[in-house]
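Peer 1: got a predicted model here, sequence first, then my questions.
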Amino acid sequence: MAATATAPGAPTTRLGKTATEIDDRLIVAGPLRRTLNKVFPDHWSFLLGEIALYSFLIALLSGTYLTFFFDASMREVVYEGSYAPLRGVEMSAAYDSALNLSFDVRGGLFMRQVHHWAALLFVASIVVHLLRVFFTGAFRRPRETNWIIGVVMLVLALLMGVTGYTLPDDLLSGTGLRIISAIILSVPVIGTWAHWAVFGGDFVGELIIGRFYIAHVLIIPAILLALIAVHLLLLVKQKHAQFPGPGRTEHNVVGNRLFPTFAAKATGLLFIVFGVIAALGGLVQINPVWLWGPYNPAQVSAASQPDWYILFLDGSTRIFPAWDINLPGDYTIPALFWPTVVVAGAMFTVLALYPMIERKLSGDTASHHLLQRPRDVPVRTSLGMMALTFYGVLMLSGGNDVFADKFDVSLNAMTWFGRLGVVVLPPLVYFLTYRICLGLQKHDREVLEHGIETGVIRRLPHGEFIEVHQPLGPVDEHGHGTLAYGGAPVPKKMNQIGGARRAIRGFFKPIEEPAQVELEQGREGRGLAAADEARELTSSGRPSEGGRPQEPRD
Amino acid sequence: MTTHDTRPGSTGGADTPGPLHGGPDDDYTPEQLAAMPREDLDRLGARYDGVQILHVDPGPEPGSPMERRAVRQVGLTFTLAGLSALAFVVVYVGAGWFFPDWQWSVSGSDFSALFTPLLGATMGLALTLVGVGLVLFSKKLLPHETAVQDKHDGSHFDRVTTGATLVGGLHNSGLARRKLITRSLGFMGGGLGLMLLMPLGGLIKNPNTGDPLGRTSWTEGMRLVRNDGSPIRPGDQEPGSLETVFPAVPGGNRQSDAATMLIRLRPAQLEQMAPREGQADFGYGDYVAYSKICTHAGCPVSLYEQETSRILCPCHQSQFDVTQGAKPVFGPATRSLPQLPITVDDEGYFVARGDYPEAVGPTYWNRERI
């Protein structure tokens, strides 16, 4: 190596030499530079998927900790731990170890709650991320594959949740398991066979906790990890979509390079997500299993609700009418089949296929890297809101007994509200959303054409009062703006185009010279108004010959 | 660079290093690169990755009050994060040592109630402050740059050449012509797939053997016992009350399908009584016994409102009318709760006259209707 040590540009520092040594062996400088130089667009809504990733990470870490103490067995034991009210009670080893984890492992309760909160946040951030992708049209070509992977991961996250909260084998989770068993039984033709395959016999048997455990800690997480890897690889390969804006096209990405800005921000977010979940795990109690007691098929407590992400299925089950389908030959399709298997299946199938459905309906097969504002695609936005309303009514119905109790309304009235609401409200919301989208679109065009309302009222020589409008760009001979709508937010307040000076920095005392800021702002020429000093701010929006430039009104 | 090794397998000293990586290494000699300042090198590399730095807003001027302030803020945040992390360690280690014990007890010390919240607060604060410090750092101290990266569509050249390689390989394999190979391959694939799936057959069990869904452990003459195993006489209950009873077999109170509600009707209810067809004699006096397992999803129906004679399932709010043979009157349940025929034995205790006449619990495909 003596020859290269004297070569020009050879590293002289210890760090540089080490780096060279590494690159000699691994040849990573090229790929590493490409990675560090990768540009990510900057928008808060692009961080939602990251939150999902980070909460999954926490769930993985805290869950691994829990496995050191949890015993996934339905063997009957007598509780002898330190929680006095349950001492001497017969229970499964699973519940016994969940209690020991909470009461006899130092910090065990904290970790258990961190795990539960991480799981809740995981599903929640997936759903919000999905909504962002949906409403901005980020699922369009070329990103359909990633959309489908995302929907599959959402379903897996739900399964992860269900198998996870069943494990402690307390009264609440046992009740949930009883309903899962009934749902499996309700499948036509193969229901009983499927139940015997899953439970190893009649409900409840002795196998199910162990089987759910291996699904929860190995099978589903492994699939999820693989899908996350593909999801991120595709994201890197296809590059992130971005909102339209100055200089942004279908063929570029405008933003920060990975290193150092994006990496610093993403790591910051990682720690904040960690921190919020840790704080929740310690400060906000969740699923106090010791209060529910061990599972007993003859016992139940009122207000038995699943975790929030399954609530919609509980709701659909509650409001579905009592419609068994009796077939000839003593065969039955149970009513329970429809609101659980069919509703969930249909919802996730439509969700997964939505990119294809929209492509078919709109005929738009082009590749898109610029995102859309929800208002610019009223049909999709309204469909999305309609689906959300449907989901919302189901979710609310999932807690209808709690609503009935807390607000002192009839339980049956709540059920009927759900039954009618799920049919009536979605179309209504579709219509309303559609109108709101059109209204917002029109307002954008209006501002582009006539300018921003300044709030300055001027009296004309002949006595007429007008409000002065500030155009956003050049105007034609009628005083109408000539800027076309580009899919980006249109400024609608004077401050957004530099109508006001920025505030002087400093909290207790100014840390910059006010005069300096004034000067700096004058130099910068923020916004269009400052760029064109010659144009009088208050005269625009009116043609020189006077009179109303707007469309005829009377 | 020890290439004068002449062991077998080596090239006897004739090995010369291949060309460098080509591309940029041909364009820029090490001398040229050494002469460039770091910033230009950064931009040069970025340009090779299709990235153009459009605009850099430098961070605050070194030594300016703005910078000193930002540095103080970031430093303070990281310091506080470290302190919170140490506080976590102190709470975790100190509990039961120089703090009171963290474990729950009936008498309950205040510290044991605070232990988990303290862990959460300190760890949450520590981690959040690290994040906040990083965000402050990148917002206030790092230069803000705006970069543009080109987005490439697929390359026609790559498609054509890759396609040629793939098709060439397929052609050379001759699989299109050698039908025997493709067919036997297909046959083998199917067979192997089936073979690998077969072990899953261990999961399959016949649910109809012995009719476990249609039967419970209730038999003729079996006593109705409470959760603690004590038998029940007529008159033990007030009119209008409900008691959960189990078959008098070991573990009967843990069976998933045997739990039964023994209800003593009020005289007014008795007058309205309209039992199901053929089940008029299933009760005993003013007592009736219904399965506690909901016919909808199998939850125990537990909430009995005797004034309206309704039993409510707390899971999905199915409601059953006790005076009408536990017929579902509201909610998603479709079938009446099965009624257990009961009578009284020689010693005056309640016994079953047999099993339920139909399957208890949720409906399934081949459930017999009565």
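Peer 2: Received, thanks. Numbering: from 1, shown residues only, chains lettered A, B, ... in the order given.

Peer 1: how close does B:S173 get to chain A?
Peer 2: To chain A, B:S173 is 29 Å away according to CB to the nearest CB, to the nearest Å. For the C-beta atoms, the positions are set from N, CA and C on the backbone; glycine is no exception.

Peer 1: how close does that residue get to B:A164?
Peer 2: 15 Å (CB to CB, to the nearest Å).

Peer 1: ok, now which ones touch the closest residue to A:V89 other than its chain neighbours?
Peer 2: The shortest distance from A:V89 to any non-neighbouring residue, by CB to CB, 6 or more residues apart in numbering or on different chains, is to A:Y79 (5.2 Å). A:Y79 makes contacts with A:86-91, A:96, A:99, as judged by CB atoms under 8 Å, 6 or more residues apart in numbering or on different chains.

Peer 1: next: B:L119.
Peer 2: Taking CB under 8 Å, 6+ apart, we find B:L119 in contact with A:107, A:110, A:282, B:88, B:91-92.

Peer 1: on that earlier part again, can you redo the contacts of A:Y79 as TSV with distance to A:L394, neighbour count and pLDDT?
Peer 2: Converted to TSV, the contacts of A:Y79 look like this (distance: CB to CB, whole Å; neighbours: other CB atoms under 10 Å in any protein chain shown; pLDDT from 0 to 100):
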residue	distance to A:L394	neighbour count	pLDDT
A:L86	35	19	94
A:R87	41	11	94
A:G88	42	9	94
A:V89	36	16	94
A:E90	37	14	93
A:M91	34	22	95
A:D96	36	25	97
A:L99	34	23	96
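
Peer 1: doesn't A:R25 belong to a strand?
Peer 2: No - counting by DSSP: H, G, I helix; E, B strand; the rest coil, one finds A:R25 to be helix, located in no strand.

Peer 1: domain ranges for the chain?
Peer 2: In the absence of a named chain, chain A is used. Partitioning chain A according to automatic domain parsing yields domains covering residues A:49-243+A:253-300+A:338-355, A:453-531.

Peer 1: looking at chain B here, not the other one
Peer 2: Domain ranges of chain B: B:65-142, B:224-352, per automatic domain parsing.

Peer 1: mean neighbour count, these: which tops it?
Peer 2: domain B:224-352 (a mean of 19; mean count of other CB atoms under 10 Å in any protein chain shown).

Peer 1: ends of that one, how far apart?
Peer 2: Start-to-end span of domain B:224-352 (CA to CA, to the nearest Å) is 7 Å.

Peer 1: same deal with stretch A:477-497?
Peer 2: The straight-line separation of the ends of stretch A:477-497 (CA to CA) is 23 Å.

Peer 1: what comes up buried for that stretch?
Peer 2: By neighbour count on 16 or more other CB atoms under 10 Å in any protein chain shown, the buried set for stretch A:477-497 is A:479-481, A:483, A:490-491, A:494, A:497.

Peer 1: make CSV from those residues and add distance to chain B, pLDDT and secondary structure to it.
Peer 2: Converted to CSV, those look like this (distance: CB to the nearest CB, whole Å; pLDDT from 0 to 100; DSSP: H, G, I helix; E, B strand; the rest coil):
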residue, distance to chain B, pLDDT, secondary structure
A:G479, 34, 84, coil
A:H480, 32, 89, coil
A:G481, 27, 89, strand
A:L483, 22, 89, coil
A:V490, 21, 92, coil
A:P491, 19, 91, coil
A:M494, 24, 88, helix
A:I497, 20, 84, helix
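
Peer 1: out of the domains of chain B, which is closest to A:I272?
Peer 2: Ranking these by proximity to A:I272 (CB to CB) places domain B:65-142 first, at 3.4 Å.

Peer 1: got the end-to-end distance for the closest one?
Peer 2: Here the two ends of domain B:65-142 are set 16 Å apart, with distance taken as CA to CA.

Peer 1: quick check: mean pLDDT of that domain?
Peer 2: If you average the pLDDT over domain B:65-142, you get 92.

Peer 1: A:R34 against B:A46, yeah?
Peer 2: No - applying CB atoms under 8 Å as the test, A:R34 and B:A46 come out as separate, 9.8 Å apart.

Peer 1: just want to know which of these two has more residues nearby.
Peer 2: More crowded of A:R34 and B:A46, by other CB atoms under 10 Å in any protein chain shown: B:A46, with 20 against 16.

Peer 1: surely the more buried one is in a helix?
Peer 2: Yes - applying three-state DSSP, one finds B:A46 inside a helix.

Peer 1: can you tell me the closest non-neighbouring residue to it?
Peer 2: In space, and not counting its chain neighbours, B:A46 is closest to A:N37: 4.9 Å by CB to CB, 6+ apart.
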